[in-house]
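Q: following is a predicted model, sequence given first.
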Amino acid sequence: MKVIFISGIFMSFFIVFLLLTKKPKVLIDKILASWIIIIGIHLLGYLFNQMGYWHKYPHLIGITAPIPLFHGPMLYLYSRYALRKDNKLRPSDYLHFAPGIAAYLYMMKFFFSYTAEEKIMIDRGATGDFSIFSVILLIAILISGLAYSIVSYNLTVKHKQKIENHFSFHEGISLNWLRYCILSIGLVFLTAAIVFFLRDIVGVQFPFNPEYIFYTIMIGFIFYIGYFGIKHENIFVNNPAVDISSNKKKQVSEKYRNTGMKKDLAEKLFEKLLSIMDHEKPYLDPRLNLSTLAGQLDISANQLSQIINQEAGVNFHDFINKYRVEEFLKKARENKNYSFLALALDSGFNSKSSFNYIFKKQKGVSPSRYLVQQDTEHKQA
């Protein structure tokens, strides 16, 4: 286990080195580097504890106790700014660290007034003010970690909805890896909550140190960050987030202005949209987005989104890709000597993975199976 901890700590600081030497650095690089440093220090503190250094040097006891209060806020800020293009934090963002700072301020008396013997006694579970504080701190850590994990995950869900309402493609926008990071951190705190409940409330005696479970998950998270960054090169190279945000007041005003669109006008514009889709085939552009198509209709992006949702009953992403799927099927029937990938790219898709995913989502089966079924049905007819 010692080797695993040392490997995780080494990987933490190696990742920080890669992030700090990355050029150009953006805000999320600085946030991630700061967070990984915090995780590295957290792991290092626990390793020292397990190696007996806290009892050998009692004044180290408790020095990393409030650190988990910073993991939730760091996860939230990283998630938030990974989905935006902001260059600096908002003043209100620093308030997320208030509980952790308050915990350290409260522990100043423990750090500088308590003797080594008193610290050892408290660490071993002796009753006192700081024993009560330790329970309160643990509960606060669990609530903070779980709450921030849920909020961060909801950010990715809302981002996906915005993406599908504004873009006809996912590449460079989809951040499934970010969801995996959020889920792994959420799993750490959920595991800790379960262990706390079983051990300290129910009274279950584990035959092993249960703390190894969530520390192992945290180390796995570190290795995942390292693997993803080095293997897929999406963390340690510049890969700016797609900004789909705009002025909130403008969004609100357009929202209410668009909801007043008359039914006959919406139907007329939808017919015009269908005509453009059939004759000009804008969906063949793999980077087509809502604003570009709205410009061809001489209306706002919000108005076009409303028309598609209202008249077609789908979002922009599904509306455009339905045309691409039909275009692929048309080309596949006419050009049987070409590969599916070549035909898919020629139909407006920009990768094999997105084509397969979208096709199966719309048709329920893979492209090859669907075409075989169509040929079979045609021969039987």
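A: Everything's here; your move.

Q: ok, for residue 366, nearest residue in space, not its chain neighbours?
A: Leaving aside its chain neighbours, residue 366 sits nearest to residue 360 (6.0 Å; criterion: C-beta to C-beta, 6 or more residues apart in numbering). No exception for glycine: its C-beta is placed from N, CA and C like everyone else's.

Q: how about that neighbour, secondary structure?
A: Using DSSP: H, G, I helix; E, B strand; the rest coil, the structure places residue 360 in helix.

Q: gap between the two ends of stretch 361-370?
A: From its first residue to its last, stretch 361-370 covers 12 Å (C-alpha to C-alpha, to the nearest Å).

Q: and it, how far from the chain's centre?
A: Here stretch 361-370 shows a centroid-to-chain-centroid distance of 29 Å under the convention C-alpha atoms, centre = their mean, to the nearest Å.

Q: repeat that for stretch 41-54.
A: Taking mean C-alpha positions (C-alpha atoms, centre = their mean), stretch 41-54 and its chain are 30 Å apart.

Q: max-length helix in the protein?
A: Taking residue count as the measure and DSSP state H as the definition, the longest helix of the chain comes out as helix 129-166.

Q: helices and strands around that helix, which ones?
A: Under the contact criterion of 3 or more C-beta pairs under 8 Å, 6 or more residues apart in numbering; DSSP states H and E, helix 129-166 touches helix 68-82, helix 98-106, helix 116-123, helix 176-196, helix 290-297, helix 301-307, helix 316-334.

Q: swap in 6 Å and give it another go.
A: For helix 129-166, the contact count by 3 or more C-beta pairs under 6 Å, 6 or more residues apart in numbering; DSSP states H and E identifies helix 68-82, helix 176-196 as packing neighbours.

Q: in terms of mean pLDDT, which of the ones you listed ranks lowest?
A: In terms of average pLDDT, helix 176-196 trails the rest of the helices and strands packed on helix 129-166, at a mean of 87.

Q: can you tell me what sits against that one?
A: Contacts made with helix 176-196 from outside it, assessed by C-beta atoms under 6 Å, 6 or more residues apart in numbering, are listed as 75, 82, 142, 145-146, 149, 152-153, 156, 210, 213-214, 217-218, 221, 228.

Q: closest to residue 345 among the residues you listed?
A: When the contacts of helix 176-196 are ranked by distance to residue 345 (C-beta to C-beta), residue 228 comes first, at 26.1 Å.
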